[in-house]
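*Asks:* Below: sequence and its predicted model.
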Amino acid sequence: FSCHLFSHVPFLPSSLMSGLSAMDTRASGRLGVLTITYYLWTTFIAVIVGIVLVLIIHPGTGSEKDGHHASSGPVMTSADALLDLIRNMIPSNLIEATFQQYRTDLVPIVQSANVKESQANYVYVMPDYHNPSLGHPVFLEITPAPDIKYKMVPSTSKGMNVLGIVIFSATMGLLLGKMGERGAPLVNVCQCINECVMKIINAAMWYFPFGIVFLVAGKILDMHDPAHLGEKLGMYFITVLSGLFVHGLILLPLFYYFFTRKNPFPYIRGLLQALVIALATSSSSATLPITMKCLLENCGVDRQIARFVLPVGATINMDGTALYEAVAAIFIAQVNEYDLDFGQLVTISITATAASIGAAGIPQAGLVTMVIVLTSVGLPPADISLIVAIDWVLDRFRTMINVLGDALAAGIMAHICKKDFEKAAAAAAAKAAKAANATSTDTASADTAPANNGGGPQRVRMRRIISICSGYMNPLKTSQENVCLFLNHNIEY
């Protein structure tokens, strides 16, 4: 897993820059529009599938919250979360973007509390809302709680700023393509880096099956009382898996067949290696080099298209995450016996689609963006702790759907944009042939020019001047004396 994570940093920029620089401007523009439109469409469809299933199954009916569950805490608004997404699109420091992201943090400020002397020995424990995996916060409300206000301050969180690096790399790739020969050295460097990373990944694949066993075994051993979790969250677990199955194995293959008129399952069979690694690592970013390898070697996707579609998809196409967030939000509403009207369901569908775009391709990133979905319909963000216990399992399955959606999108775009790239390649070949013909014509005219009479091209005149000058050059004299000798003869041409 660490090997795939460290290879992701050089692989993502080099893949995008080398891929976009080799594309024709018109072809790349159409490919970009079609890719982003398709990604947004499939993500929205995934959200609709999740909403329909959770409303039919009602997994939250009969589930109860723990009695010590927190009732209040700091809430980050949806606007703040979306603004963080926009800030991450343009990182202030490209080096920092490789290991951290911008995040608005809520810092508690404790105001002075009026406590009597008889209560001086009692304490008040402030809960930690930033780490829901620790369980429910504990209150000691013996002393009257002090007045706590939360101030928003700029902060950072660990994790690669994938969105910012993708935008920078895509911009650099397009500009390098327009620079032509001047940008060729940097393009060659990117291609070499990309090929080296692929060789590293190929070597790592030999020992990766052993790593998969230990990754999954460690998570299973960390579980406490699986029977209780299954009884409490079993229907929620089944609902999410059912939605992922419908979207990943029915709808996405249907979309592939509709656009390409090809059987999608042989194509999916070539992606099994990438899907297994996605299941083990629960990170679409770490799986990106393996997915690229499968597309190029097993599925026959054009290298230029794969280098653009896959990195963009690993950043903004999170079908499984969007479906999961919609199901989780409605599940929490059902647990709280909170009835959602049609307008709130529409709000959940829109915010889940938008929040999934900002979810980084790292394990359990969906828990962070869940705040946007919950606050959009007035649900308490602290209730995320209800689903944390089994999130690590669901995260692996939704990562598989994310990777599958990216790979199928690459196959669809390769089929749709095939003619565009063929036309661009033919135009480039014709332009190169025309330039070669022009060069050969100039050479032929220069060779035949001395046989013509006066008034020929300038190159012919220069050759005649040189031949005349050579007739008056005396090797025993200096260059200055030879020039004077030539001028004294008053040779006019």
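*Replies:* Everything's here; your move.
*Asks:* contacts and neighbour counts: CA atoms only from here.
*Replies:* Will do.
*Asks:* quick one: low-confidence ranges for the stretch 201-350 of the chain?
*Replies:* For the stretch 201-350 of the chain, applying pLDDT under 70 flags the ranges 205-206, 208-232.
*Asks:* same for the helix or strand hosting Ala333, what does it pack against?
*Replies:* Using DSSP states H and E, Ala333 sits within helix 319-335. Applying 3 or more Cα pairs under 8 Å, 6 or more residues apart in numbering; DSSP states H and E, we find helix 319-335 packed against helix 25-57, helix 226-246, helix 342-358, helix 366-376, helix 391-416.
*Asks:* my guess is Met152 is in a strand, correct?
*Replies:* Yes. Secondary structure of Met152 (DSSP: H, G, I helix; E, B strand; the rest coil): part of a strand.
*Asks:* Please report how far it lies from Ser28.
*Replies:* Look at Met152 and Ser28: by Cα to Cα, to the nearest Å, they are 40 Å apart.
*Asks:* list the contacts for Gly343?
*Replies:* Going by Cα atoms under 8 Å, 6 or more residues apart in numbering, Gly343 touches no other residue.
*Asks:* Likewise for the one 4 residues further on?
*Replies:* Taking Cα under 8 Å, 6+ apart as the definition of contact, the neighbours of Thr347 are Ser376, Val377.
*Asks:* rerun at 7 Å
*Replies:* Contacts for Thr347 (Cα atoms under 7 Å, 6 or more residues apart in numbering) come out as none.
*Asks:* Turn the helices and strands packed on helix 319-335 into a markdown table, including distance to Asn194.
*Replies:* Formatted as a markdown table, the helices and strands packed on helix 319-335 follow (distance: least, Cα to Cα, whole Å):
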| stretch | distance to Asn194 |
| --- | --- |
| helix 25-57 | 20 |
| helix 226-246 | 32 |
| helix 342-358 | 25 |
| helix 366-376 | 29 |
| helix 391-416 | 18 |
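*Asks:* For Val276, which of the ones you listed is the nearest?
*Replies:* helix 391-416 (7.8 Å; Cα to Cα).
*Asks:* So which elements touch that closest one?
*Replies:* Secondary-structure packing of helix 391-416 (3 or more Cα pairs under 7 Å, 6 or more residues apart in numbering; DSSP states H and E): helix 252-260, helix 272-281, helix 284-294, helix 303-316, helix 319-335.
*Asks:* Deepest in the core, which of the ones you listed is it.
*Replies:* For the helices and strands packed on helix 391-416, the largest average neighbour count (mean count of other Cα atoms under 10 Å) is found in helix 319-335, namely a mean of 28.
*Asks:* With only the CA atoms kept, save stretch 239-259 in CSV.
*Replies:* Extracted as CSV, the C-alpha positions of stretch 239-259 are listed here (Å, rounded to 0.1, in the frame of the first residue of the first chain):
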residue,chain,number,x,y,z
THR,A,239,-28.6,-1.5,1.5
VAL,A,240,-25.3,0.1,0.6
LEU,A,241,-24.0,-3.1,-0.9
SER,A,242,-27.2,-3.6,-2.9
GLY,A,243,-26.9,-0.1,-4.3
LEU,A,244,-23.2,-0.6,-5.2
PHE,A,245,-24.1,-3.9,-6.9
VAL,A,246,-26.9,-2.4,-9.0
HIS,A,247,-24.8,0.6,-10.1
GLY,A,248,-21.5,-1.2,-10.7
LEU,A,249,-22.6,-4.5,-12.2
ILE,A,250,-25.8,-3.5,-14.0
LEU,A,251,-26.0,0.3,-14.8
LEU,A,252,-22.3,1.0,-15.6
PRO,A,253,-22.0,-2.0,-18.0
LEU,A,254,-25.3,-1.0,-19.6
PHE,A,255,-23.9,2.5,-20.2
TYR,A,256,-20.7,0.9,-21.7
TYR,A,257,-22.8,-1.3,-24.0
PHE,A,258,-25.1,1.6,-25.0
PHE,A,259,-22.2,3.8,-26.2
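*Asks:* quick one: contacts of that stretch?
*Replies:* Residues from elsewhere that reach stretch 239-259 (Cα under 7 Å, 6+ apart): 46, 49-50, 53-54, 263-264, 320, 324, 327, 398, 401, 405, 408, 412.
*Asks:* all strands for the stretch 1-150 of the chain, in order.
*Replies:* Using DSSP state E, counting those that start in this stretch, the strands of the stretch 1-150 of the chain run over 100-110, 148-158.
*Asks:* Between those strands, which one is closest to Ile384.
*Replies:* Each of these has some distance to Ile384 by Cα to Cα; the shortest is strand 100-110, at 17.3 Å.
*Asks:* what angle sits between the closest one and strand 148-158?
*Replies:* Per axes from the mean of the first three to the mean of the last three Cα atoms, to 10 degrees, the angle that strand 100-110 makes with strand 148-158 is 160 degrees.
*Asks:* Name the residues of strand 100-110 that come out as buried.
*Replies:* Residues of strand 100-110 classed as buried by neighbour count (16 or more other Cα atoms under 10 Å): Gln100, Gln101, Tyr102, Arg103, Thr104, Asp105, Leu106.
*Asks:* Isn't Lys149 up against Leu106?
*Replies:* No. Contact between Lys149 and Leu106 fails when scored by Cα atoms under 7 Å: they sit 9.4 Å apart.
*Asks:* how many other residues sit next to Phe342?
*Replies:* 9 (other Cα atoms under 10 Å).
*Asks:* how close does it get to Gly234?
*Replies:* Distance from Phe342 to Gly234, by Cα to Cα: 26 Å.
*Asks:* Burial check on Gly378, number of neighbours?
*Replies:* 11.
*Asks:* Surely it is within a helix?
*Replies:* No. Under three-state DSSP, Gly378 sits outside any helix and is assigned coil.
*Asks:* From Ala355, how far off is it?
*Replies:* Separation of Gly378 from Ala355 (Cα to Cα): 16 Å.
*Asks:* excluding its backbone neighbours, what's nearest Val311?
*Replies:* Rather than Val, residue 311 is Pro. Of all residues not flanking Pro311 in the chain, Leu12 sits nearest, at 6.5 Å (Cα to Cα, 6 or more residues apart in numbering).
*Asks:* Surely that neighbour is in contact with Val312?
*Replies:* No. In this structure, Leu12 is not within contact of Val312 by Cα under 7 Å, at 9.6 Å.
*Asks:* quick one, what contacts the residue nearest to Asn298 when sequence neighbours are not counted?
*Replies:* Of all residues not flanking Asn298 in the chain, Gly270 sits nearest, at 5.2 Å (Cα to Cα, 6+ apart). Counting by Cα under 7 Å, 6+ apart, Gly270 touches Cys294, Asn298, Cys299.
*Asks:* Domain ranges for the chain, per the record?
*Replies:* 2-416, 452-493 (automatic domain parsing).
*Asks:* So what's the residue count around Lys431?
*Replies:* Residues near Lys431, counting by other Cα under 10 Å: 12.
*Asks:* switch to numbering from 39
*Replies:* Yes, from this point I'll number from 39; that puts the last item at Lys469.
*Asks:* per-residue pLDDT, it?
*Replies:* For Lys469, the model assigns a pLDDT of 72.
*Asks:* hang on, Met217 is in a helix, isn't it?
*Replies:* Yes. Under three-state DSSP, Met217 falls within a helix.
*Asks:* Tell me the pLDDT of it.
*Replies:* Met217 carries a pLDDT value of 86.
*Asks:* Sweet, I'm off.
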